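Trainee: Any chance you can model this:
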Amino acid sequence: MYPAEFAETYSRSERIRFALIGIVVGALALGAWKLWALPWIAGFADTAPCRTVLGINGATALWFGLFVGLPMLFAIVLAIEPGRHGLAILRDGQYPPRGAKALRPIRIRRGTTARWIGYLHVLACVPFIAIALWGYGQAAALSGMKGTIQCPGQPHAIAAAPGDRG
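Mentor: Here you go, the predicted model:
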């Protein structure tokens, strides 16, 4: 039996630097979300049926952005970051891949176990693609619904036509 091999670890100063960078980037992202993005999205959602985005009804753009665009964004991020790492695992035949450092001591795994870990990294985006496919049907159904909303500057509410059932 061979002695257990462990991946190279980051030094204490490198781990502290990563933690501080993560805290700063996370705080900036949270601040941008709460102070800019969330108020903009809420304002857009309030008047979405009265707007158009690239010639598409604002409500339709909102539904498709929420149910299809957001899951696909997560799928793309997961395909790039863990997917790239998974391809390196499959290429090297070991987890973690050669030359990769770890935050804590991790025993190097080879063979079938490493391949499974690599496949899971590569396929991490699949659930979000499935959610986006499901969301397409939901967004299509919701965007076809007719409701009543009073748009500013219009004397009458936008409502379903007398012959429409929706």
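Trainee: drop to CA atoms for contacts and neighbour counts, all remaining ones
Mentor: Fine.
Trainee: Now tell me what touches stretch 129-141 from outside.
Mentor: 60, 63-64, 67-69, 71-72, 75 (CA atoms under 8 Å, 6 or more residues apart in numbering).
Trainee: Let me have the residues you listed in CSV, extended by pLDDT.
Mentor: Converted to CSV, these look like this (pLDDT from 0 to 100):
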residue, pLDDT
Thr60, 89
Trp63, 91
Phe64, 93
Phe67, 95
Val68, 96
Gly69, 96
Pro71, 97
Met72, 97
Ala75, 97
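Trainee: who wins for most neighbours among these?
Mentor: Highest neighbour count within the contacts of stretch 129-141: Val68, with 23 neighbours (other CA atoms under 10 Å).
Trainee: Contact partners for that residue?
Mentor: Counting by CA under 8 Å, 6+ apart, Val68 touches 131-133, 135-136, 139.
Trainee: Report the spatially nearest residue to it, omitting neighbours in sequence.
Mentor: Ala132 (4.5 Å; CA to CA, 6 or more residues apart in numbering).
Trainee: coming back round to it: would JSON lines of the contacts of Val68 with distance to Gly111 and secondary structure be doable?
Mentor: Listed next are those as JSON lines, based on distance: CA to CA, whole Å; DSSP: H, G, I helix; E, B strand; the rest coil:
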{"residue": "Ile131", "distance to Gly111": "32", "secondary structure": "helix"}
{"residue": "Ala132", "distance to Gly111": "34", "secondary structure": "helix"}
{"residue": "Leu133", "distance to Gly111": "34", "secondary structure": "helix"}
{"residue": "Gly135", "distance to Gly111": "38", "secondary structure": "helix"}
{"residue": "Tyr136", "distance to Gly111": "39", "secondary structure": "helix"}
{"residue": "Ala139", "distance to Gly111": "43", "secondary structure": "helix"}
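Trainee: Just the buried ones out of these, please.
Mentor: With burial judged by 16 or more other CA atoms under 10 Å, the buried subset of these is 131-132, 135-136, 139.
Trainee: Start from the N-terminal end of this structure and give the helices.
Mentor: Secondary structure of the chain (DSSP state H): helices at 12-32, 38-46, 58-64, 70-92, 112-122, 126-143.
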